[in-house]
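**Student:** After the sequence you'll find the predicted model.
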Amino acid sequence: MAKTDKSQRVQVAPGVYVDVAATLINSVAETKPNDLGRYEVTQKPEDRWKYKTPSLRNVSLTAPYMHNGTFATLQQVVEFYNQGGIANEILIL
């Protein structure tokens, strides 16, 4: 398939790429669910939103921050938590 404005290059094997029509990709694509943390591995409800977190050693040198790299600076992380973070169905105090 020739590459057009309405196709996307997709890697199907190491070093092997094909151009796939965007309409085909969109017809089978699913919206990525929220990151549920360890639950995705264990399927235990008590593991939802639990993440393995690294040491804080040299934290100022290790951007981006959060488990998914959402924030570029530590200031953004602090502001996020100062605003209450995000609501979820399990509140752990």
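**Tutor:** Thanks, I have the structure now.

**Student:** Wait, residue 48 touches residue 36, no?
**Tutor:** Yes. With contacts counted by Cβ atoms under 8 Å, residue 48 reaches residue 36, the gap being 5.2 Å. All C-beta atoms are positioned from the backbone trio N, CA, C, and that covers glycine.

**Student:** so how far is residue 37 from residue 43?
**Tutor:** The gap separating residue 43 from residue 37 is 12 Å, by Cβ to Cβ, to the nearest Å.

**Student:** Please compare those two by neighbour count and tell me which comes out ahead.
**Tutor:** Set side by side, residue 43 and residue 37 show more neighbours around residue 37, with 15 against 10, by other Cβ atoms under 10 Å.

**Student:** where does the more buried one fall, phi/psi-wise?
**Tutor:** phi 70, psi -140 (degrees, to the nearest 10).

**Student:** Show the residue spans covered by the helices in this structure.
**Tutor:** For the chain, the helices defined by DSSP state H cover 22-28, 39-42, 74-82.

**Student:** Ok, which of those helices comes nearest residue 54?
**Tutor:** Shortest distance between residue 54 and those, using Cβ to Cβ, is found for helix 74-82: 13.8 Å.

**Student:** and the helix or strand bottoming out on mean pLDDT in the chain, what does it pack onto?
**Tutor:** Among the helices and strands of the chain, helix 22-28 carries the lowest confidence by mean pLDDT, DSSP states H and E, at a mean of 84. Packing contacts for helix 22-28, counted by 3 or more Cβ pairs under 8 Å, 6 or more residues apart in numbering; DSSP states H and E, involve strand 7-13.

**Student:** Could you list which residues are in contact with the residue most central in space within the chain?
**Tutor:** With distances taken as Cα atoms, centre = their mean, residue 68 lies nearest the centre of the chain, 4.9 Å away. Contacts for residue 68 were tallied using Cβ atoms under 8 Å, 6 or more residues apart in numbering; they are residue 35.

**Student:** Let me know how buried residue 50 is, in neighbour terms.
**Tutor:** Look at residue 50: counted by other Cβ under 10 Å, it has 15 neighbours.
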